[in-house]
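*Asks:* quick one, what's the 3D model for this:
(chains A and B)
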Amino acid sequence: MDIKLPNSTLRKYLTTKASAEKIAEVLTLCGPSVDQLHHLEHDYVYDIEAITNRVDTASAFGIAREAAAILPLFGIKATLVNSPYDIKASDLPERKNTKLPLDVEIKDESLIPHFAAIVLDKLTVKDSPDEIKNQLELSGVRPLNNLIDITNYLTLCFGQPVHIFDYDKILGHKMILRESKPGEKVITLDGKTHELKGGDIVIEDGEGRLIDLCGIMGGKLSEVDEKTKRAVLYVQTYHPKKIRRTSLYTQERTLAAQIFEKQPDSRLVIPTLIEGVNLLVKYASAVVASDSIDLFLSKPVKKTVKLDLKWLNRLIGFDFDYKTVSSILSNLGFKIKKLSTYVLEAEVPTWRLHDISIPEDLTEEVARVYGYFRLQSQLPVTANLSVLTDPLLDWEYQAKKYLADLGFTEVFNYSLVSKEVFAKANIDPNHSVSLTNPLTTEFESMRRSLIPSLLMDLENNQGKIDLPIRIFELSNIYLTDEHKKNKLPEERSILVIATQGLDYRHAKGSLEAVLQSLHLNNVNFIKQNDDSGPWQQNQTAEIYSDKHFLGVFGTIKPEVKSAFALNGEVVLANLDFQTISNLANTNFGYTPISEYPDLIEDITIQSDLHISELIQLIKQESKLVTKVIYKDSLKNKHTFTIHFNDSKKNLSQEEVNLIKERFLKIR
Amino acid sequence: MNLNIYLKQLNIDAKQAQTFSVLKEIEIKYLGRTGVFNTEFDKLSKPDKQKNGQEFNQKKQQAQEIINHRNQELIEEESKKSFDVTIPGILPPIGHLHLVTQAIKEISDIFEKIGFIRRRYPEIDTDWYAAEGLNIPKDHPARDDQETFYVSENLVLTPHTSNGQLREMEAMKTPPIKMINIGKTYRRQIDVSHTPMFHQFEGLLIDKNINITHLIGVGNYFVQNYFGKDRRVRLRPHHFQFTEPSFEIDITCGVCGGVGCRLCKAGWLELGGAGMVHPAVLKNGGIDQKKYSGFAFGWGVERVLAMKYNLPDIRNIYSIDLRILNQF
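*Replies:* You can find the predicted model right below:
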């Protein structure tokens, strides 16, 4: 929650010689961060980030309180002045006129810890004085008229939202605070009609009309206008979760809602009401026309936290003495009781009740106000661990690096994709992990295959860069199993290698090189007979290492190429990298080099078998065959270069000829 | 002993030699220890050897000169060649690792050197690990900051790598715990500084007597190794539900060196969140919070990349235009 705070407003509550720059600097180091300090002609504005648990800092007074606690540690005197907590009941102007009736009924006391209201008469609606208008404008609020401006000004000063109703528009002069019923409608001040889901906090008047969407925005029906003479000034705190829920689904993230959902201090309600009456008397000629209605339905319970200084010093890594700790906490509003030399008890101030509950919370207060920048920097000394990283992570990097070295460029696509792109790639989009709140249909479900993304990448690069294109992605895919509802989706590491404008053999060569670099045993390619999926039948192989299925490699179907408007040969491998990682071998050993020279012969075999089968058969024919290199084919005549070697002696041509004879019988 | 015939033959052989290795073979054939010359000489009787010794040495020397001469010719032939040395080389296909892969490798190497174990935990996880177990109750305003994608009521795309904290505590059971969890994270936002998918690196250290100064130390160690040895961190107060105290970590601006410039906030750049692990989180992870304390941080991989290379638009990291990717 970001607030804009004029320096002039801050200085009403803070007396110090510190410059605005110095205040911004020390707040950033030790308190709420000042994102920016704007220098204006007659003033400064601090852009302040009031963090979620510190709604007490979302006001001029709250920031003054922080600055007053922090500045002394920089050797600068600072005093907090005009505290709303010093406002007394006797500061409320007396009622002089006849009493105007206001009947309040609260249906459920858990909705509203503190309800306060007062009726004012004889109001004059006009512009606010320049001083108030200027401060509001600098804080980012548009001045409207004195009545509205004063409510906004109170919020700027104290961080307590305030509302003002036109008394004469509250029919029956009755306010019934209750939960909304499903389907009820309320028109808010911004002119929007909200159909309520039920369970929202609302106020109904004597005629059953909704006049307030509580904690979010006032109702149009009871809006003050230039004719308003009599009004109800209304200050309160609400059940935070109810406010948050209504604010989120009505998409009314008003300042009031953002404050109320974070539980502001209920002890500020009455001081704010009294200050408001005084401002209205001063600037709108108001006179008090009722007793103040003060229903403090849920009073905060006193809370104390014990703090052991030895423990505190261990967690911070510093040597604080009792005096420093107790003075920092006292300056922040804690009441300190000394229990022993090293132990104190801190009573939490009412504005920090929802934020401070354990010693760690006090530790933060002491350390930050003292200044983290004053602490040492040291590397921890810990025992070494005997656990190992999952080898998958290392193999992934190794394969990526190898592919990059082979000339492939790594791409990173979003895991989130549209279902439509799956249909284009002829891949079933069902059983994907889908989002219930996608950002757009472009990012509606989690990829169960990387292939569509890579095809899209080729499409997007076509015409921009010369062929051939070599790309790869190594990422997780996400698989659900409807039968295992309680299990997490499976996240599996997959490698897709794609080439465009490169022939099958060259693409396959790169793939074989990667698999070789991982030292997989006995990799073989077997013709795939399945025609489903993006690959072209008769141009696609399944890849195995021994009996383990590694993936599929082949040419992309023309139908799929057409869907992505891809030209040229597109060859793609989809590999289960988890399995590859399991099989990857670091313990591969080596074969000694024979002392005797190879005899090398070319041989042509006529056969209808697959080339890989021929190579297997040639190798099986004799132990003297050490290497078989495929040369080329003419129809079903295939030529191979074959190396023969005997590690024990020089081979004779006769021995080799005998083996060659046997090759020719292979069919 | 008639060596002249061999000298004649050597002359022919040497002239035909076009390479240094062939010439070397010829030299060995004639002048080697068991070469033609020595073999002929060995055939002689002892007195003949004495008689012909001088002539033999002369002929051998002539043979060596023939070889040396041809060798010199070959050297001169090759030295004569001349070409434009500025001619562009013929490149092999050149591939590129993605910037994110490079950064992850660099980051994990830096942390592994000080004993942090690299981990990867689920990207789709239960609300317990991603929020509730991290002390973020349902309908808490702190959930606003997370912009979470939901798969179902109980299943989310992890908006941070902090789900790895509880998972690591459960896996290790007793400290010391030293983890660097790097993974994909997701948030419902896209603009100049946000992509719906990004990467975080999550450090977690739990042991006896771990304090704030250790987080400062590890922060400085990281930024000095990753960004440069003159950089340092500072801690600013912040709030996260799963740490107490909580910090925002800034590093000194690399452009102005910390004095303040157009690119930074008064000399500092925001790196990311950190804090001392909240006792409730330790408890949820089954760690004895009386005995152990720890710190955690979760920083963006793309964020540190953008800071290191001054990338103005973080979405460019996820460009799939090869004209960009091929520059990485």
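
*Asks:* what is the burial count for the closest residue to A:L309 other than its chain neighbours?
*Replies:* Using Cβ to Cβ, 6 or more residues apart in numbering or on different chains and skipping residues adjacent in sequence, the residue nearest A:L309 is A:Y342, 4.5 Å away. No exception for glycine: its C-beta is placed from N, CA and C like everyone else's. A total of 16 residues lie near A:Y342 under the criterion other Cβ atoms under 10 Å in any protein chain shown.

*Asks:* likewise for A:T228?
*Replies:* 21.

*Asks:* that one and chain B: what is the separation?
*Replies:* Distance of A:T228 to chain B, computed by Cβ to the nearest Cβ, to the nearest Å: 34 Å.

*Asks:* cool, A:K107 as well?
*Replies:* 22 Å.

*Asks:* with A:V552 instead?
*Replies:* Taking Cβ to the nearest Cβ, one finds A:V552 at 22 Å from chain B.

*Asks:* all strands for the stretch 451-600 of chain A, in order.
*Replies:* Taking DSSP state E, counting those that start in this stretch as the test, the strands found in the stretch 451-600 of chain A are A:469-479, A:490-500, A:523-527, A:535-545, A:548-556, A:570-576, A:599-606.

*Asks:* how about the ones you listed in JSON lines, adding mean neighbour count and mean pLDDT?
*Replies:* Output for the strands of the stretch 451-600 of chain A, formatted as JSON lines (neighbours: other Cβ atoms under 10 Å in any protein chain shown; pLDDT from 0 to 100):
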{"stretch": "strand A:469-479", "mean neighbour count": "22", "mean pLDDT": "97"}
{"stretch": "strand A:490-500", "mean neighbour count": "23", "mean pLDDT": "97"}
{"stretch": "strand A:523-527", "mean neighbour count": "16", "mean pLDDT": "92"}
{"stretch": "strand A:535-545", "mean neighbour count": "19", "mean pLDDT": "94"}
{"stretch": "strand A:548-556", "mean neighbour count": "21", "mean pLDDT": "96"}
{"stretch": "strand A:570-576", "mean neighbour count": "23", "mean pLDDT": "97"}
{"stretch": "strand A:599-606", "mean neighbour count": "15", "mean pLDDT": "92"}
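
*Asks:* of all the ones you listed, which one is nearest B:Q72?
*Replies:* For B:Q72, the closest of the strands of the stretch 451-600 of chain A is strand A:599-606, at 35.0 Å, according to Cβ to Cβ.

*Asks:* what about the helices in the stretch 201-328 of chain B?
*Replies:* With DSSP state H, counting those that start in this stretch as the criterion, the stretch 201-328 of chain B has helices at B:212-226, B:279-284, B:301-309, B:322-325.

*Asks:* mind putting the ones you listed in TSV, distance to chain A included?
*Replies:* Formatted as TSV, the helices of the stretch 201-328 of chain B follow (distance: least, Cβ to the nearest Cβ, whole Å):
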stretch	distance to chain A
helix B:212-226	4
helix B:279-284	6
helix B:301-309	10
helix B:322-325	5
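
*Asks:* comparing those helices, which comes out most buried?
*Replies:* Comparing the helices of the stretch 201-328 of chain B by mean neighbour count (mean count of other Cβ atoms under 10 Å in any protein chain shown), helix B:212-226 ranks first with a mean of 22.

*Asks:* CA atoms only for that one, dumped as CSV, please.
*Replies:* Backbone C-alpha positions of helix B:212-226 (Å, rounded to 0.1, in the frame of the first residue of the first chain) are rendered in CSV as follows:
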residue,chain,number,x,y,z
ILE,B,212,21.3,-11.7,10.7
THR,B,213,25.0,-11.0,10.2
HIS,B,214,25.3,-14.4,8.4
LEU,B,215,22.6,-13.4,5.9
ILE,B,216,24.5,-10.1,5.3
GLY,B,217,27.7,-12.2,4.8
VAL,B,218,26.1,-14.6,2.3
GLY,B,219,24.4,-11.7,0.5
ASN,B,220,27.7,-9.8,0.1
TYR,B,221,29.5,-13.1,-0.9
PHE,B,222,26.9,-13.6,-3.7
VAL,B,223,26.8,-10.0,-5.1
GLN,B,224,30.6,-9.7,-5.0
ASN,B,225,30.9,-13.0,-7.0
TYR,B,226,28.0,-12.4,-9.4
